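Undergrad: Build me a structure from this.
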Amino acid sequence: MISARELFDDLKRGGEANLQDKWRKGNLIELPANGKVIMTGDLHGHQKNFDRLVRYADLEKNPNTHLIFHEVIHNGHPEVPNEDHTFIMLIQVVKLKIAFPDQVHYLMGNHEMAQCSGEEVLKGGHRMLKIFTNGLHARFREHADMALQAISDYLLTLPIAIRTENRIWMSHSLPSKRHLAQFDDAIFQDTLEGQHVVSDKSLRALLWDRRHDEACLSNLMQRWHVDIFIVGHQSQEYGHGRPLDEMIILASDHNHGHCLPFDLSVDYTSDELYGLIKPLASIA
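TA: This is a model prediction of the structure:
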């Protein structure tokens, strides 16, 4: 069981590792033209799939592999009634980042943004921030409020997107067509602060928007110099989807969860990339 002191120390070190990531430029991770990526979908505290991903990546033996997480927190089906303990997985990801600082990348999702801003969000009929706070109080007692603040401070250090030299973009979601005209790419350069997660419309569009179309993706492809988008955010019963040719959606938070491993040195078509999707249940 992690102590409050260990939690605070890990979050501080993990935040420093996020900001000092060798591939980070502003709030964007720019990956090189060699190595391997394992992209995931929303995890929401699914421990078995997290363990599978860590085994599959085997980061110590594969120093050129990048393991990417997003939407780690907030389980809509908590094991303990009215208590969300996904802060445990959050700390597992933080420890992994500390151990492999330039190989593990944790992207901000809308639930991380909500956790920072204090904006309540429903999942599975539960108020996520409320039961997350309940879980922290059950575990850390008199230190729970400080733990909550330390988690928020850590989440503000997360990058918000990844771009690769083989023209693949990864983020939790994408701005939809109705927000493109007002979307400000400066969000990728500015250091995130509390006001961003409370009121920044561009950050919110990147992390919360749905209902994309071909015109939207075409605009973003030209704007960000990419050809294919890999995201999460939208529920996928079978762990993956492809609503548009250039857009792949992953989910990793249930028994049909999937990930997407690919080589950074290969120029993929969308069909080729989609064909690489891997069921997490297949990982021994």
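Undergrad: thought W169 was touching P175?
TA: No: counting by C-beta atoms under 8 Å, W169 stays clear of P175, with 11.9 Å between them. In short, each C-beta sits where N, CA and C put it, glycine included.
Undergrad: which residues are common contacts for these two?
TA: L220 (C-beta atoms under 8 Å, 6 or more residues apart in numbering).
Undergrad: my read: I151 touches L11, true?
TA: Yes: with contact defined as C-beta under 8 Å, I151 counts as touching L11 (6.5 Å).
Undergrad: and the gap between the residue positioned nearest the centre of the chain and L43?
TA: For the chain, the residue nearest the mean C-alpha position is H70 (1.4 Å; C-alpha atoms, centre = their mean). For H70, the distance to L43 equals 8 Å [C-beta to C-beta, to the nearest Å].
Undergrad: Which neighbouring elements make contact with the lowest-mean-pLDDT helix or strand in the chain?
TA: Lowest by mean pLDDT, DSSP states H and E among the helices and strands of the chain is helix 194-199, with a mean of 80. In this structure, helix 194-199 makes packing contacts with helix 110-117, judged by 3 or more C-beta pairs under 8 Å, 6 or more residues apart in numbering; DSSP states H and E.
Undergrad: helix or strand right after the helix it packs on?
TA: strand 122-123 (DSSP states H and E).
Undergrad: tell me the pLDDT at Y154?
TA: At Y154, the model reports a pLDDT of 97.
Undergrad: rewinding a little: and the residue nearest to the centre of the chain, what is it in contact with?
TA: H70 makes contact with T40, G41, D42, L43, Y106, L107, M108, G109, E112, S171, H172, G232, according to C-beta under 8 Å, 6+ apart.
Undergrad: Setting aside sequence neighbours, what's the nearest residue to it?
TA: L107 (4.0 Å; C-beta to C-beta, 6 or more residues apart in numbering).
Undergrad: okay but that neighbour is in contact with T157, surely?
TA: No: the pair L107 / T157 is not scored as a contact, 11.7 Å apart, by C-beta under 8 Å.
Undergrad: the more surrounded of these two?
TA: L107 (24 against 21; other C-beta atoms under 10 Å).
Undergrad: any idea where the helices of the stretch 101-250 of the chain begin and end?
TA: Assigned by DSSP state H, counting those that start in this stretch, the helices in the stretch 101-250 of the chain fall at 110-117, 128-140, 144-155, 177-180, 194-199, 201-208, 214-224.
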